[in-house]
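J.: no sequence for this one, just the structure:
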C-alpha cells in the first residue's frame, strides 16, 4: 500500500472515531476499526475463489470464510454501534503490512486453476498473518470479553489455516 493510501486510511479511521462517542485509544474499539477492513479483504479473497479455484480445499475453505467472515463483520459492526463509533466505510483499506494491494487483486482476477490456487495460498497466508497480529494485540491489552473471544478464535483458526496452506503447498 502506498504511503499516501496508508495515511488516508489512517486519517479516515481517526476521523470516524473522533466524530463519534468511542475512544480511539481503546484497544477493543481499535481492533474492530482495524479488523473490519481486513475482514472485508478476507471475504473478497474468498469470493474470488468462486469459479477460479482448482483444489477442493480452496473451494470449501472459501465457502467457510465467506460465511464466518460475514458473521464476524456483523458482530464487530454491532460492537462499534454499541460504543457509538461508526464502522469504517465500504472501501476503507486495511492498514499495516500483510494486506492485499489492488495490483495483487488484479493479478489474482486474471488467474484460474492451479495458478490461482498457488497465488491465493500466498496472499491468504500473508493476509491471515496480519489478522493474527492485530488479534494478539487486543488479547494483550483489551478488556471487552466478546472481542477477546473473537480474537482467540481468529488466532486459533488462522494458525490452523496457515498450517494447512503450507501442507497444500508441499
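T.: Yep, it's here. If you're wondering where the values come from, they're calculated on a predicted model, not measured in any experiment. Numbers count the residues shown, from 1 in each chain.

J.: lowest average confidence, helix or strand, in the protein?
T.: Scoring the helices and strands of the chain by mean pLDDT, DSSP states H and E places helix 3-18 at the bottom, with a mean of 41.

J.: mind listing the helices for the protein?
T.: Per DSSP state H, the chain carries helices over the ranges 3-18, 27-48, 56-82, 102-109, 113-141, 145-169.

J.: residue 95 is nearest to which of those?
T.: Across the helices of the chain, residue 95 has its closest neighbour in helix 3-18 (5.3 Å, C-beta to C-beta). Just so you know, the C-beta spots here come from the backbone N, C-alpha and C atoms, and that holds for glycine as well.

J.: mind putting the helices of the chain into TSV with mean neighbour count and distance to residue 89?
T.: Shown next, in TSV, are those (neighbours: other C-beta atoms under 10 Å; distance: least, C-beta to C-beta, whole Å):
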stretch	mean neighbour count	distance to residue 89
helix 3-18	14	7
helix 27-48	21	9
helix 56-82	16	12
helix 102-109	13	17
helix 113-141	18	19
helix 145-169	15	21
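
J.: could these go into a markdown table alongside distance to residue 88?
T.: A markdown table is the format used below for those (distance: least, C-beta to C-beta, whole Å):
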| stretch | distance to residue 88 |
| --- | --- |
| helix 3-18 | 6 |
| helix 27-48 | 5 |
| helix 56-82 | 9 |
| helix 102-109 | 17 |
| helix 113-141 | 14 |
| helix 145-169 | 16 |
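
J.: ok, residue 126 touching residue 101?
T.: No - Residue 126 is not in contact with residue 101 according to C-beta atoms under 8 Å; the separation is 10.9 Å.

J.: quick one: low-confidence ranges for the protein?
T.: 1-25 (pLDDT under 70).

J.: tell me the contacts of the closest residue to residue 47 other than its chain neighbours?
T.: Once flanking residues are discounted, residue 47 sits nearest to residue 66: 6.4 Å by C-beta to C-beta, 6 or more residues apart in numbering. Going by C-beta atoms under 8 Å, 6 or more residues apart in numbering, residue 66 touches 43, 46-47.

J.: out of the residues you listed, which is nearest to residue 136?
T.: Once C-beta to C-beta is applied, the member of the contacts of residue 66 that ends up nearest residue 136 is residue 43, at 21.4 Å.

J.: hang on, the closest one packs against residue 69?
T.: Yes - contact status for residue 43 versus residue 69: in contact at 4.2 Å, counting by C-beta under 8 Å.

J.: thinking again about what came up before, which one, of the helices of the chain, ends up nearest to residue 92?
T.: Nearest of the helices of the chain to residue 92, taken as C-beta to C-beta: helix 27-48 at 4.6 Å.
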